[in-house]
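Enquirer: Structure for the following, please:
(4 chains)
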Number of protein chains: 2
Amino acid sequence: MRPSARRTTLADIAQAAGVSVATVSKVVNGRGDVAPRTRARVQELLHHHDYLAPVFRHTESVESPTIEVQFKGGLKSYVAETLEGIVDAASELGASVVISKASHAPHWARDLVSAGRRAVIAVTSVYTAAHLNELARSGLPLVVLDPLHLPDSRVNSVGATNFAGGLAATQHLLSLGHRRVAYLGGPAMAVCNQARMHGYRAAMEAGGAQVPEGYVRPGEFTHETGLLGAAALLDLQEPPTAIFAGNDEIAVGVIEAARNRGLRVPEDLSVVGFDDTSLAQMSSPPLTTVRQPLREMGGAALRTALRLANGEKVESHHIELATELVVRASTAPPPEEPPEHG
Amino acid sequence: MRPSARRTTLADIAQAAGVSVATVSKVVNGRGDVAPRTRARVQELLHHHDYLAPVFRHTESVESPTIEVQFKGGLKSYVAETLEGIVDAASELGASVVISKASHAPHWARDLVSAGRRAVIAVTSVYTAAHLNELARSGLPLVVLDPLHLPDSRVNSVGATNFAGGLAATQHLLSLGHRRVAYLGGPAMAVCNQARMHGYRAAMEAGGAQVPEGYVRPGEFTHETGLLGAAALLDLQEPPTAIFAGNDEIAVGVIEAARNRGLRVPEDLSVVGFDDTSLAQMSSPPLTTVRQPLREMGGAALRTALRLANGEKVESHHIELATELVVRASTAPPPEEPPEHG
DNA sequence: CTGAAAGCGCTTACAG
DNA sequence: CTGAAAGCGCTTACAG
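Expert: As a prediction, this is how the structure comes out:
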């Protein structure tokens, strides 16, 4: 950026601030012997002029900016596929990708800047207001993938059309003739889960189907939730003939639970997942699921991060990529005589 | 390293070479107007004194060396878990991890050095002699995880005891009473696959069991190989009562193939996998498999890479971490009356 | 081809 | 708390 402009030097700042170069140097190096007001004025000017200390100039290398991707918990399929999209886009655009587990040690944001990072992409990480403030102070742009909280205009985020996905999954089940459809989801607090669940509710309502007490269960995005949650659902007095699972892992657990009690999928119970990770194709039977374009989402996050790193404005602080229903073999019309009284 | 020593400056080199600082500066910056012999002498001294241009000094930051992890193909569970181990170890030791898809563009090794990388870890990548030469010239240390080729003393590598794992898996099946045990593996050229297969052969021989024609099949490390390979094995005149699969994905495909023809696992067919990725626990039935300590392998690779980056010697250019049989629910004694003539 | 000299961006010990 | 001055590491236009 600013191709022909000379780098800002300490002398420029000194002149603008009406102090000596020495004083500016002290501010830059965090020396103690500077009056607070002088320091504040100089800092303001440094920031305004985009001054960059020599040690960090490599940070500038426009050819290969470095983006840090932070994740929380394990590198599950879902995260891994997103990461692939990030890495592919970075390679195309000549950027480098550093990965780390999210850690919010003191000065973490400043440390990232010193290490030459130009932006942060967070996958499944949680940021508090304090974190966001430290980030803002450090000037590091943040892009959140699949945000856990509702879009805050201070935060740029990339997600998928979870509501539409939940709607499509449920409509698919209704159109097969199911009426007793349950939703077995992830954490109640997670926005993506809420959106999927409300898509489910919207479809049920539009289709004139009841959502009985106990037909909506939150949990974790894990196989275990599928196993346990499905057992609970199938124990209901009026058990569902179809279960829409919050993600593929839950769906595979549901299939396992069904098998454990001698129910066949899809003849006795239909199951729909969410994500379309590699698990969906390896499931037995192969899973009908809502595809999230994880690679594309990763790519979009990387491109947004780079644009922000370049000081460009972004049209919208949140974008959602389209989900798509993928019909495989885990869904079918409900049994003639639905299994009775668990 | 060299804690108290002052950085080498152009002046040091100039004095040692008996030329002016200006001339040394020209050599460093690749200017044309220097006599070849002068240039050579100065370059020699620069190298000998470990001179580092200011632009690349960030490369030095001993506190946070950057290691590049290159992978080939997708970020499958297997690679993702290894990567987790690398990231955890790096975080412990204060190193940064850059990930990228393996690319061998011209000057790739030199470019990595300029970008400040201190070592390369390759996961499932293939290196030719030319690549190794370019690496050696650039001075970048390389650690290969799960090497595809036989250990070459120029290359440092980390693997698992694949032979012992193959032996343990097969002995487990033999001890359950199986005699007709087949091996459905990955690429015939991959060393890890060969080792697993020879472990299988060794156990069969020690147990006095035949390995009939067609009982050893190579393939890919994919679900599809499991599906197709198992179908072929079960079509044999004397089909196996147990299949040892080269990895968990293949094993899940085998279970699917068995189910497709009405065989129950483990009652009619026992299946053992390899890796113990998350897939193994989510499989139905949960998979008996040989655990590779993938996280630990990643950690060992990172530590080796850092030691090499620090110029330390490493005791052995190849280390193998122990595998361990994990018995779950996909193995059982063979049926009384083995399924006849496919 | 070489290097003395001027100059740049920055830091720091020290006088006020 | 401030800044003039000395100094460091490096680069470059130019004289030889």
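Enquirer: contacts and neighbour counts: CA atoms only from here.
Expert: Will do.
Enquirer: Show me what the one helix or strand A:Ala40 maps to is packed against.
Expert: Here A:Ala40 is covered by helix A:36-48, with elements defined by DSSP states H and E. With contacts defined as 3 or more CA pairs under 8 Å, 6 or more residues apart in numbering or on different chains; DSSP states H and E, the secondary structure elements packing on helix A:36-48 are helix A:10-17, helix A:21-28.
Enquirer: try 7 Å this time
Expert: Using 3 or more CA pairs under 7 Å, 6 or more residues apart in numbering or on different chains; DSSP states H and E as the contact criterion, the elements in contact with helix A:36-48 are helix A:10-17.
Enquirer: Show me what the helix it packs on is packed against.
Expert: For helix A:10-17, the helices and strands in contact under the criterion 3+ CA pairs under 7 Å, 6+ apart are helix A:21-28, helix A:36-48.
Enquirer: what's the spacing between A:Val69 and DNA strand C?
Expert: Remark: distance between A:Val69 and DNA strand C (CA to the nearest atom of the strand, to the nearest Å) = 29 Å.
Enquirer: hmm, I was thinking of A:Asn162
Expert: Distance from A:Asn162 to DNA strand C, counting by CA to the nearest atom of the strand: 48 Å.
Enquirer: I figured that residue hits A:Gln194, correct?
Expert: No - at 8.6 Å, A:Asn162 and A:Gln194 do not qualify as touching, with contact defined as CA atoms under 7 Å.
Enquirer: picking that back up, which SSE is immediately downstream of the helix holding A:Ala40?
Expert: Proceeding C-terminally, helix A:36-48 gives way to strand A:66-71 as the next helix or strand, assigned by DSSP H and E.
Enquirer: May I have that next one exported as CSV, CA atoms only?
Expert: Once non-C-alpha atoms are left out, strand A:66-71 reads as follows in CSV (Å, rounded to 0.1, in the frame of the first residue of the first chain):
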residue,chain,number,x,y,z
THR,A,66,1.4,-13.8,8.2
ILE,A,67,-2.1,-14.6,9.6
GLU,A,68,-2.5,-16.4,12.8
VAL,A,69,-5.3,-19.0,13.1
GLN,A,70,-6.3,-19.8,16.6
PHE,A,71,-8.5,-22.7,17.5
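Enquirer: Determine the set of other helices and strands touching it.
Expert: Where contact means 3+ CA pairs under 7 Å, 6+ apart, strand A:66-71 is packed against strand A:96-101, strand A:117-123.
Enquirer: Could you identify which of those strands is most buried?
Expert: Ranked by average neighbour count under the criterion mean count of other CA atoms under 10 Å in any protein chain shown, the helices and strands packed on strand A:66-71 are headed by strand A:117-123 at a mean of 25.
Enquirer: How far does that strand sit from its chain's centre?
Expert: Here strand A:117-123 is found 12 Å from its chain centre; the criterion is CA atoms, centre = their mean, to the nearest Å.
Enquirer: and if you look at stretch A:115-128?
Expert: The chain centre lies 11 Å from the centre of stretch A:115-128; the measure is CA atoms, centre = their mean.
Enquirer: try stretch A:158-176
Expert: Taking CA atoms, centre = their mean, the mean C-alpha location of stretch A:158-176 is offset from the chain mean by 18 Å.
Enquirer: got it, and stretch A:113-120?
Expert: Averaging C-alpha positions (CA atoms, centre = their mean) puts stretch A:113-120 20 Å from its chain's average.
Enquirer: Can you give me the end-to-end span of that stretch?
Expert: Distance between the boundary residues of stretch A:113-120 (CA to CA, to the nearest Å) amounts to 10 Å.
Enquirer: Briefly note if it comes near DNA strand C.
Expert: No - judged by CA under 7 Å from any atom of the strand, stretch A:113-120 makes no contact with DNA strand C; its nearest approach is 13.6 Å.
Enquirer: Please see if that stretch touches chain B.
Expert: No - judged by CA under 7 Å from any CA of the partner chain, stretch A:113-120 stays clear of chain B, getting no closer than 8.2 Å.
Enquirer: follow-up on the earlier one: to B:Val69, which of the helices and strands packed on strand A:66-71 lies closest?
Expert: Of all the helices and strands packed on strand A:66-71, strand A:96-101 sits nearest to B:Val69, with 9.7 Å by CA to CA.
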